[in-house]
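**Q** Sharing a model prediction with you, sequence too.
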Amino acid sequence: MNMIKNVTETNRLHKALRPMGKLIFVFGSNEAGVHGAGAARLALERYGAQYGKGFGLHGVSFAIPTKDRAIKTLPLVHIDIYVQKFKELAESKSDLHFQVTQIGCGLAGYKPRDIAPMFRNPPKNCSFDTAWLPYLGPDVMYWGTFP
């Protein structure tokens, strides 16, 4: 499937699922659950993220920590543990669709080449920022990009 068709079909799916509360916004967080900036702030303001909850499904959002409780960037090995837990949960929630942002690639300071490979072989109910195409390949769903 070409990328334009992939993104178009994924965005149609997102548009249909959002009003039903079935589209989950996945964002980078910190272990303290202080959602003060970037995608985390958007998740707090629009998608039901809860202050003080740094990991997990809350409202129509899912927090994956990329920083610790002191708001210092977590080592990649720790982020990967959270990503694998997220993938397990997403696999078990086939009635939901997870829109994954470029977690860790903003305020945490990592590059897509550092984080995206953690999401290889994702559950079928996940879609990703197109910036991760070089790392995840053409066989997953992409939704566009989050500025």
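**A** That came in fine, so what should we check first? Numbers count the residues shown, from 1 in each chain.

**Q** quick one: buried residues of whatever helix or strand Lys15 lives in?
**A** Per DSSP states H and E, Lys15 falls inside helix 3-17. By neighbour count with 16 or more other Cβ atoms under 10 Å, helix 3-17 contains the buried residues Asn6, Val7, Thr10, Asn11, Leu13, His14, Leu17. Backbone N, C-alpha and C define where each C-beta goes, glycine included.

**Q** what's the burial count for Lys87?
**A** Close neighbours of Lys87, defined as other Cβ atoms under 10 Å, add up to 18.

**Q** you'd agree it is up against Lys124?
**A** No - counting by Cβ atoms under 8 Å, no contact exists between Lys87 and Lys124, whose distance comes to 11.4 Å.

**Q** Dump the next helix or strand after the helix holding Lys15 to PDB, restricted to CA.
**A** Once the chain leaves helix 3-17, the next helix or strand it forms, by DSSP H and E, is strand 23-30. Coordinates of the C-alpha atoms in strand 23-30 are reproduced here as PDB (Å, rounded to 0.1, in the frame of the first residue of the first chain):
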ATOM      1  CA  LEU A  23      -9.300   6.000  19.700                       C
ATOM      2  CA  ILE A  24      -6.500   6.200  22.400                       C
ATOM      3  CA  PHE A  25      -3.900   9.000  22.200                       C
ATOM      4  CA  VAL A  26      -0.600   7.500  23.200                       C
ATOM      5  CA  PHE A  27       2.000  10.100  24.500                       C
ATOM      6  CA  GLY A  28       5.300  10.300  26.300                       C
ATOM      7  CA  SER A  29       5.000  11.100  30.000                       C
ATOM      8  CA  ASN A  30       7.100  11.100  33.200                       C
END
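
**Q** So which residues make contact with the next helix or strand after strand 23-30?
**A** Once strand 23-30 ends, the next helix or strand along the chain (criterion: DSSP H and E) is helix 38-46. With Cβ atoms under 8 Å, 6 or more residues apart in numbering as the test, helix 38-46 has contacts from 25, 27-30, 35, 49-51, 61, 63, 101, 103, 106-107, 146.

**Q** and which of those residues is nearest Ile79?
**A** When the contacts of helix 38-46 are compared for distance to Ile79 (Cβ to Cβ), Ile103 wins out at 7.9 Å.
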